[in-house]
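Enquirer: sequence first, then the predicted structure:
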Amino acid sequence: MRAHGCGGCLLRIIVCVLVAGFIWQLFGADLEPYAKKAERLAYPVSYDEAILASSERHNVDPLLVCAVIKCESNWDPSVSSDAGACGLMQLMPETAEELIRQGYVDGSVYSADALYDPETNIEFGCAYLELARHELGSTDEVIASYNAGIGKVKEWLAFGTGSISELSQEYPETATYLKKVQNAYERYRALYTEGLAAKA
């Protein structure tokens, strides 16, 4: 499950944030709701009904799910990686099959062969986050495991001292991924303070 870069996306985010900041400086608090809406363009939410249903079923924060989707696929359900990860939350078919086998996903309802379907992908992604939370401790450990795998994070924690943020510094891809998702999660929590159900 690897994050995918998007050069144009970063430029759009920077422009949106700069424009929002400029308008804020010019007009002040009167435009606060508009500034928030402008920043939401950089941190959008789609498939909110599927996210809310699956995150509730798996007891995970829907805003964390949004942050993972933002960083994994930038909300493009057709994305795939060279390694074979698919869809919004960039799941490997073998991971999806294992989640069914372990009882985290109902295989009679969701198929590991349908990972390009947004609702299916979100269900498997939320199930993985639930599994990681059961196996690990902190949210940062869960995020790191989404990139490196649960087993690798457990190994780092068993043989290292310090937080997962400190331990992952020896593994640049995971360290970068962790920071990216942390930042997105922080923005989603700031922009959607009343939750996804009240996002309109």
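Expert: Ah, there it is.
Enquirer: residue boundaries of the helices in this structure?
Expert: 7-27, 32-42, 48-58, 62-73, 93-101, 118-135, 139-148, 150-159, 164-167, 172-191 (DSSP state H).
Enquirer: export the ones you listed as TSV, with columns for mean pLDDT.
Expert: Listed next are these as TSV, based on pLDDT from 0 to 100:
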stretch	mean pLDDT
helix 7-27	68
helix 32-42	76
helix 48-58	97
helix 62-73	97
helix 93-101	97
helix 118-135	97
helix 139-148	94
helix 150-159	89
helix 164-167	76
helix 172-191	94
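Enquirer: which one, of the ones you listed, ends up nearest to V109?
Expert: helix 118-135 (8.1 Å; CB to CB). Backbone N, C-alpha and C define where each C-beta goes, glycine included.
Enquirer: what's in contact with the closest one?
Expert: Applying CB atoms under 8 Å, 6 or more residues apart in numbering, the contact partners of helix 118-135 are 1, 46-47, 50-51, 54-55, 57-60, 64-65, 68-69, 77, 86-89, 91, 95-96, 99, 102, 104-105, 110-112, 114-115, 141-142, 145-146, 150, 154.
Enquirer: let's see 7 Å
Expert: Helix 118-135 is contacted by residues 47, 50-51, 54-55, 57-60, 64-65, 68, 77, 87-89, 91, 95-96, 99, 104-105, 110-111, 114-115, 142, 145-146, 150 when judged by CB atoms under 7 Å, 6 or more residues apart in numbering.
Enquirer: buried ones among these?
Expert: Buried by 16 or more other CB atoms under 10 Å: 47, 50-51, 54-55, 58, 60, 64-65, 68, 77, 87-89, 91, 95-96, 99, 104-105, 110-111, 114-115, 142, 145-146, 150, out of the contacts of helix 118-135.
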